[in-house]
Every structure is written in C-alpha cells, then in structure tokens.
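Engineer: only geometry, no sequence info:
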C-alpha cells in the first residue's frame, strides 16, 4: 500500500462556491486500489500556492500526488506550470498516455496541458478537473503506477537486483 495525496486546483472550490467532486472521486478510486490517502486539499488556481503544496507533500515523502483541475486554457489554469516549477524529472509518458487514451473518448483531450514528473521520491501527476475524466484516466494508469512507484522507491526486487 502506497500513501497518496490529492490536490484540487479551483478558485471557486477554494472559496466554497462550488463543490469539489473530482478530489473525493480520486480519493475513493485510490482507496479502492489500496492506496492510503493521507491528504486532500482544495487550493485556488494560484501557481505559487500549488507549487508550495506540492513541495510540502513531496517533502513528507508521499509517493503519489495527484492534482485535479487547472490544466486547460483558462487564464487561471496554472497547475502544469506549478508542477514544472517543482519537479526534478519529467515523466512525459504518463501524460502522453493519458492524452492518447482520452482522445479515444473525446477530441477535447488534445486541449489538456497536464504534465507529470518526479520530485524527490514523489510522483506528481496532473489530472483533468471532471470526475468522469478523472475516473477514465485513473482506470487507465493505475494498473501501471504500482510498478513505477516500486522502481522509484527501489522497492521492486527485480529492479533492485540489477
């Protein structure tokens, strides 16, 4: 079981003007997949606030940090920039795979600016902002993430032997 954290980027959600549906959806999916969700936050679409929270969570050595929202074309969509500000290694294959799989469902997936990467021993992945899209993305990537997290944390015995 890996620990995980969820960050929702939403100005309206942070002001309690809109109910956050995506963050709780992610939490439910992760818990069903045997992850321990140790943090769930709603932040405004502020690049520095998001970056600071990503740093805080990765400094706490949480292996998986998922963000939802803030990946589109709106002027206040800053999640990819905040993520790039803090990651040390990009993991473009994850975001490319999410977009490729999502394009099979909707052509709007090409508008995603989501990124993913590693900071210290935390994998950070930007997800879309809707519960439906979150479910579709996690259904696709979760089966592979355990292997990647094991390698990142040097827990994969086959990898460790080499």
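Structural biologist: Right, received. Where do you want to start? Note that the structure is a prediction, hence the values are computed from the model and not measured.

Engineer: element containing residue 54, please.
Structural biologist: In the assignment (DSSP states H and E), residue 54 maps to helix 47-59.

Engineer: Sort out which residues of that helix are buried, please.
Structural biologist: Neighbour counts using 16 or more other C-beta atoms under 10 Å place 47, 49, 50, 51, 53, 54, 55, 57, 58 of helix 47-59 among the buried residues. Any C-beta I mention is one placed from the backbone N, CA and C, and that applies to glycine too.

Engineer: Who are the packing partners of that helix?
Structural biologist: If contacts are counted by 3 or more C-beta pairs under 8 Å, 6 or more residues apart in numbering; DSSP states H and E, helix 47-59 sits against strand 3-9, strand 36-43, strand 64-68, helix 79-86, strand 116-119, strand 122-127.

Engineer: Deepest-packed of these, please.
Structural biologist: strand 64-68 (a mean of 28; mean count of other C-beta atoms under 10 Å).

Engineer: So for it, mean pLDDT?
Structural biologist: The average of the pLDDT scores along strand 64-68 is 98.

Engineer: repeat for stretch 10-20
Structural biologist: 95.

Engineer: That stretch: end-to-end distance?
Structural biologist: 8 Å (C-alpha to C-alpha, to the nearest Å).
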